[in-house]
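Trainee: Take this sequence and fold it.
(2 chains)
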Amino acid sequence: MRIATWNVNSVGARLPRLLDWLETRQPDVAALQETKCADAGFPFAEVEALGYEVMHVGDGRWNGVAILSRVGLTPVADALPGMTEPRYATADCGGLRVTSVYVPNGRAVDDAQYPYKLEWFAALRRTLDELDPAAPQVIMGDFNVARTDADLWDPALFVGSTHVTPAERAAMDALVDWGLTDVVARPGKNDRPYTYWDYRAGRFHQDQGMRIDYVLASAGVAVEDAYVDRDARKGKLPSDHAPVVVDLALVSA
DNA sequence: ATGGCTGTTAGTAACAGA
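Mentor: Coordinates of the predicted model:
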């Protein structure tokens, strides 16, 4: 099974590229983030025409997540308990539980969005309490955390910022420590692991990015290959994120 | 040098992203 996660930064603005990407990469399951639309604005017909079932959670100009699957899709949850923004979707897809997450940015450590981000992580962690780490599961998306300084093109620029604080990194560790593997992609350009590059200042061209998009896989998943699809960040009108693509097999208990 | 760009809804400006 091939799965992928991609922060598309508006599914409307990205539709031609999304459809081309689905046709050329052929993911069985794709988790999208930042669709930036309500259900009425989601291109269901175009995506379904490629053979995908779609679960979309969105309410307008910000946030929005989706799960696309051509191996079956049964929705499980469209929100974290107590969290109202459209940043979370879970579905069962061909024997694999798939969660698409768009973790709040946090903005600044002295902003109210920062404790909100940590609360959001805690709510995400609590969803695992009732689950079996041996069951096939992936939680993937834009986590807005660089787990280590190696995940930043210039760690000095992020001192005092969100995305790198011990609390945010501990929140990621708490997910991993429950029993999820941070799937490491094949080395990319210059062996750098980035999945996001700012639009400004030629950051992508200089490979000055961040690793903030992750695939977290349970022990019920055997990873066969993983890579960051940098080609999807090239050319005209790209998202500022690249997809992470993972080939895997389900491990029977 | 904390900017540089791109998206949305708005209606030629504000806000958000990371």
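Trainee: Might you list the low-confidence residue ranges for chain A?
Mentor: Scanning chain A with the threshold set as pLDDT under 70 gives A:253.
Trainee: Provide the strand pairings for the helix or strand containing residue A:66, with the direction of each partner.
Mentor: Assigned by DSSP states H and E, residue A:66 belongs to strand A:65-69. Counting by DSSP bridges, the strands paired with strand A:65-69 are strand A:29-33 (antiparallel), strand A:53-57 (antiparallel).
Trainee: JSON lines please, covering the ones you listed and showing distance to DNA strand B.
Mentor: Heads up, the C-betas are built off the backbone N, CA and C, glycines and all. Rendered in JSON lines, the data for the strands paired with strand A:65-69 read as follows (distance: least, Cβ to the nearest atom of the strand, whole Å):
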{"stretch": "strand A:29-33", "distance to DNA strand B": "8"}
{"stretch": "strand A:53-57", "distance to DNA strand B": "14"}
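Trainee: Could you check how many residues crowd around residue A:64?
Mentor: 28 (other Cβ atoms under 10 Å).
Trainee: hang on, isn't it packed against residue A:58?
Mentor: Yes: with contact defined as Cβ atoms under 8 Å, residue A:64 reaches residue A:58; the gap is 3.2 Å.
Trainee: what residues are shared contacts of the two?
Mentor: Here residue A:64 and residue A:58 have A:35-37, A:86 as joint contacts, going by Cβ atoms under 8 Å, 6 or more residues apart in numbering.
Trainee: Filter the residues you listed down to the buried ones.
Mentor: By neighbour count, with 16 or more other Cβ atoms under 10 Å, the shared contacts of residue A:64 and residue A:58 hold A:35-37, A:86 as buried.
Trainee: Format those as TSV; extra columns: distance to residue A:233.
Mentor: Formatted as TSV, those follow (distance: Cβ to Cβ, whole Å):
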residue	distance to residue A:233
A:35	18
A:36	18
A:37	21
A:86	24
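Trainee: And those, which is closest to DNA strand B?
Mentor: Minimum separation from DNA strand B among those (Cβ to the nearest atom of the strand) is found for residue A:36, which lies at 4.4 Å.
Trainee: give me the element the closest residue to the closest one other than its chain neighbours is part of.
Mentor: Nearest residue to residue A:36, sequence neighbours excluded (Cβ to Cβ, 6 or more residues apart in numbering): residue A:10, at 4.3 Å. Taking DSSP H and E as the definition, residue A:10 sits outside all helices and strands.
Trainee: quick one: contacts for residue A:10?
Mentor: A:34-37, A:239.
Trainee: Among those residues, which lie within helices?
Mentor: Judged by DSSP state H, helices contain none of those.
Trainee: circling back to that earlier point, return the most buried member of the strands paired with strand A:65-69.
Mentor: strand A:29-33 (a mean of 30; mean count of other Cβ atoms under 10 Å).
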